[in-house]
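Asker: Pasting a predicted model and its sequence here:
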Number of protein chains: 2
Amino acid sequence: MPTVYDVARLAGVSTATVSRVMRGSDLVRPVTRDRVLAVIEEVGFVPDASAQGLSRRRKEIIGLVGLERGVNETDIERDGLLFVDVVVHAVEAVLRGTDTSLLLSFGPSGEQFHDRIRALSGKVDGLLVVEDALAPAQLRVLARRLPVVAIAASAAGAGLDVVRVDNPAGMRDLATHLTTGHGYRRLGFVGGPRDAPDAVERLAAFSTAVRSVPGCAVDVVPGGDFSEASGRTAARVLLSREAIPEAVACANDQMAIGVMRELQRSGIAIPGDVAVTGFDNIFPGRVVEPALTTVGQPVRELGVRAAARLLERIEGSTEPARAETLPTELVLRRSCGCPAEAKE
Amino acid sequence: MPTVYDVARLAGVSTATVSRVMRGSDLVRPVTRDRVLAVIEEVGFVPDASAQGLSRRRKEIIGLVGLERGVNETDIERDGLLFVDVVVHAVEAVLRGTDTSLLLSFGPSGEQFHDRIRALSGKVDGLLVVEDALAPAQLRVLARRLPVVAIAASAAGAGLDVVRVDNPAGMRDLATHLTTGHGYRRLGFVGGPRDAPDAVERLAAFSTAVRSVPGCAVDVVPGGDFSEASGRTAARVLLSREAIPEAVACANDQMAIGVMRELQRSGIAIPGDVAVTGFDNIFPGRVVEPALTTVGQPVRELGVRAAARLLERIEGSTEPARAETLPTELVLRRSCGCPAEAKE
DNA sequence: AACACGAATGTAACCGCTTACAACCGAGGA
DNA sequence: TCCTCGGTTGTAAGCGGTTACATTCGTGTT
């Protein structure tokens, strides 16, 4: 591998000049610059990022750590590729305009993972933490070492930059639509993992909103795991109840799809007999029959904002930490009883 | 940020000893080790990866570069998150067992992207190139600088490690199933992007296989872009033909779903009137009605093998470059006319 | 002609860690 | 007691860039 020294020698200049040319800097006579560039091209010189990083105290790399939800590999493959992946693409798109790269690491939250992240923190200039990949305490420790921006994290942890989505508002909108809009009174809710802050938050918001409407009640089926299969299971639980709800909201789309298909298998018409709704607005929700009413999150935007914020921090911005909350969007389709293609 | 020097001073030892402790190396008296570890813990020392990389000539980072297909951001969000993302997760899972991290970069193939990759190559120990993110020539240039393993690349380029899937075999199996198995004679094929090697390969294999069966013919609708929308468009083209095929195979699942939905919208029964098949075995294919018959690729395995191979190369393996081809799997569901839940 | 000055370039220290090699230390052997 | 030797630890030279500061050089001044 050629180094600056090689290039310098071949071009008959000093390493300082080579460096200046590389960095597109000023103060190099054009003729000299050309000579150096020619040599660089010829020997295929690419500066070693480690050396640059050491010397400039800047690695031009940011890390993104996320959760690897399903333990089951098949699940990951078919269900898991959603939230975090969209964020990754969004962040990468932002980075494309800079010369910073994206390092990523997934893992199940836990001690061992924390060690991995700790080591990783030596390789990056800043960190994006998606969902609650790290416990608040660990987050805070990291934040002392380098800039950290949390994405969709529950524990807003004072003093930390966070970019999140207004889950409760989305659920409230949905609840209002089902009750006030469609006039459903007996609602059901299929909950997600108890340790998923999103799931908890959605359940709480939905319950509260529904109960605030006179005459409405919610039958909660807790403990889903965000998978289609757990949606089917929940549907069976609902079927065993004496009174099946008129409308069932689910903590995410995957489970909603499972619920729909299981209910349909039992001869229940959707939305005729029971309305079903999801949360997330994933692609499959558009192609199932009936199309799924859901709440869309600006996931991409989440990534974009977080990346931008992190880059600012790395540049040295010292403005106080801020929590930014993005709005959700109600996506009305047929599964809730709306006519086809209705849009809010 | 504390450095080895700080730790050394506080622990009353030399930096060499601190380094030895960090690297879990031998030859350090237990009592000394403990003292050092205590200090490390106390000051929260995390070694600087740049310095380590420079000194050890190993960055413990590998890069993965992939294509960002859709230009349209919405498309990316709902359709694009498939192949490459599964690979990313698979690679990351392999890396989890090591202390190497994953750096990634997406982009539209092109000159500017190539420059980005070139710069990126200074940050990593090796590179994984997914699909044809880089032109063969560029690939070869990179491969001279560092270990490179191509994933699902068409240009097997001699002298390069490649891990790929046997697309043609999958399509052949499917063609045989449709013709010999179900007895369809008039087949249709909805092609993908002309610049997507996979799409080209699939079309060729399907055509050849079908034509080898006496009495069978293929009507090709070229130029899809792998999106659901382009599937719908293709369906309209097929509807305008004098004779609609008995079975339509598509270059991927997304398009197949589009084809199905558009045909159904025109009152055509699937698989009653027309059978439809896809390729890739994505999640939505399982939940559409009827469930989609398709060809599954071991995408995850692709990532795992490639990562393993790259790590070996980085370790210095000098065995000759090898192309590894993984088998596909025919996934028979209802859309081709098979009874529900049939498995091959 | 001597001088001042700014542009261009070179010199060398430094970034933080690793590691070859040297130095040291205590115990067992002669 | 002196020497040898293996186990520990320290010294210092890199690793490959960057950059503050010094140096050189050509030109316009006086």
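Answerer: Happy to help now that I have it. Residues are numbered from 1 along each chain as shown, chains lettered A, B, ... in the order given.
Asker: after the helix or strand bottoming out on mean pLDDT in chain A comes which helix or strand?
Answerer: Least confident helix or strand of chain A, by mean pLDDT, DSSP states H and E, is helix A:73-75 with a mean of 46. With elements assigned by DSSP states H and E, the helix or strand that comes after helix A:73-75 is helix A:83-95.
Asker: wait, does that next one contact chain B?
Answerer: Yes. Judged by CB under 8 Å from any CB of the partner chain, helix A:83-95 and chain B are in contact via A:85-86, A:88-89, A:92-93. (C-beta placed from N, C-alpha, C; glycine too.)
Asker: Any buried residues in stretch A:224-239, and which?
Answerer: A:224-235, A:238 (16 or more other CB atoms under 10 Å in any protein chain shown).
Asker: Quick check: A:Leu102 touching B:Ser105?
Answerer: Yes. With contacts counted by CB atoms under 8 Å, A:Leu102 reaches B:Ser105, the gap being 7.3 Å.
Asker: Next, show the common contact partners of the two.
Answerer: Taking CB atoms under 8 Å, 6 or more residues apart in numbering or on different chains as the contact rule, A:Leu102 and B:Ser105 both touch A:Glu92.
Asker: neighbours around A:Lys123, how many?
Answerer: 26 (other CB atoms under 10 Å in any protein chain shown).
Asker: Next, it: secondary structure please.
Answerer: Of the three states, A:Lys123 takes coil under DSSP: H, G, I helix; E, B strand; the rest coil.
Asker: before we move on, back to that, what's the closest of the buried residues of stretch A:224-239 to chain B?
Answerer: Closest approach between these and chain B, by CB to the nearest CB: A:Glu228, at 7.5 Å.
Asker: Let me know the distance separating that closest one from A:Asp253.
Answerer: Separation of A:Glu228 from A:Asp253 (CB to CB, to the nearest Å) stands at 9 Å.
Asker: And for A:Gly272?
Answerer: Distance, A:Gly272 to A:Asp253, using CB to CB: 21 Å.
Asker: Compare neighbour counts for those two and give me the winner.
Answerer: A:Asp253 (27 against 9).
Asker: Could you work out the end-to-end span of stretch A:215-229 for me?
Answerer: Distance between the two ends of stretch A:215-229: 32 Å, counting by CA to CA, to the nearest Å.
Asker: try stretch A:120-135
Answerer: Start and end residues of stretch A:120-135 are separated by 16 Å (CA to CA).
Asker: any bit of that stretch sitting next to DNA strand D?
Answerer: No. Judged by CB under 7 Å from any atom of the strand, stretch A:120-135 stays clear of DNA strand D, getting no closer than 14.4 Å.
Asker: near DNA strand C at all, that stretch?
Answerer: No. Figure legend: stretch A:120-135 not in contact with DNA strand C (CB under 7 Å from any atom of the strand); closest approach 7.6 Å.
Asker: so where does the closest residue to chain B within the stretch 51-200 of chain A fall, helix or strand?
Answerer: Nearest residue of the stretch 51-200 of chain A to chain B (CB to the nearest CB) works out as A:Gly53 at 3.3 Å. Taking DSSP H and E as the definition, one finds A:Gly53 inside helix A:49-56.
Asker: does the helix or strand just after that helix come close to DNA strand D?
Answerer: On the C-terminal side of helix A:49-56, the nearest following helix or strand under DSSP H and E is strand A:61-67. No. Under the criterion of CB under 7 Å from any atom of the strand, strand A:61-67 makes no contact with DNA strand D; the nearest approach is 14.7 Å.
Asker: what's next to strand A:61-67, contact-wise?
Answerer: With CB under 8 Å, 6+ apart, strand A:61-67 has contacts from A:84, A:87-88, A:91, A:95, A:100-109, A:117, A:120-121, A:123-134, A:307, A:310-311, A:314, B:101, B:103, B:123.
Asker: Get me the contact residues on chain A for DNA strand D.
Answerer: Looking at DNA strand D, the residues of chain A close enough under CB under 7 Å from any atom of the strand are A:1-5, A:15-16, A:18-20, A:22-23, A:45, A:47-48, A:51-52, A:54-56.
Asker: Using ChimeraX, define a selection of the buried residues within these.
Answerer: Entered in ChimeraX, the line below selects the buried ones among these, by 16+ other CB under 10 Å:
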select /A:2,4,18,19,20,22,45,47,48,51,52,54
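Asker: among the residues of chain A next to DNA strand D, which are in helices?
Answerer: Among those, the ones falling in helices (DSSP state H) are A:4-5, A:15-16, A:18-20, A:22, A:51-52, A:54-56.
Asker: In chain A, what residue spans correspond to strands?
Answerer: Under the criterion DSSP state E, strands of chain A are mapped to A:61-67, A:101-107, A:126-130, A:148-151, A:161-165, A:186-190, A:217-221, A:247-250, A:275-277, A:294-296, A:323-326, A:329-331.
Asker: how far is the last one from where the chain is centred?
Answerer: Counting by CA atoms, centre = their mean, to the nearest Å, strand A:329-331 is centred 18 Å from the centre of its parent chain.
Asker: With the third one instead?
Answerer: The chain centroid and the centroid of strand A:126-130 are separated by 11 Å, computed with CA atoms, centre = their mean.
Asker: Over to the first one?
Answerer: Its chain's C-alpha centre and that of strand A:61-67 lie 11 Å apart, by CA atoms, centre = their mean.
Asker: So which residues on the stretch 101-250 of chain A come close to chain B?
Answerer: So the stretch 101-250 of chain A meets chain B at A:101-107, A:116, A:118-123, A:141, A:144-145, A:228 (CB under 8 Å from any CB).
Asker: Buried ones among those residues?
Answerer: A:101-107, A:116, A:119-123, A:141, A:228.
Asker: And these, which two are furthest apart?
Answerer: Pairwise distances across these peak at 39.5 Å for A:Gly122 and A:Glu228 (criterion: CB to CB).
Asker: low-scoring pLDDT stretches of chain A, where are they?
Answerer: A:69-82, A:155-158, A:341-344 (pLDDT under 70).
Asker: what's near enough to touch the nearest residue to A:Pro271 once chain neighbours are set aside?
Answerer: Leaving aside its chain neighbours, A:Pro271 sits nearest to A:Gly337 (4.2 Å; criterion: CB to CB, 6 or more residues apart in numbering or on different chains). Taking CB under 8 Å, 6+ apart, we find A:Gly337 in contact with A:182, A:247, A:271, A:275.
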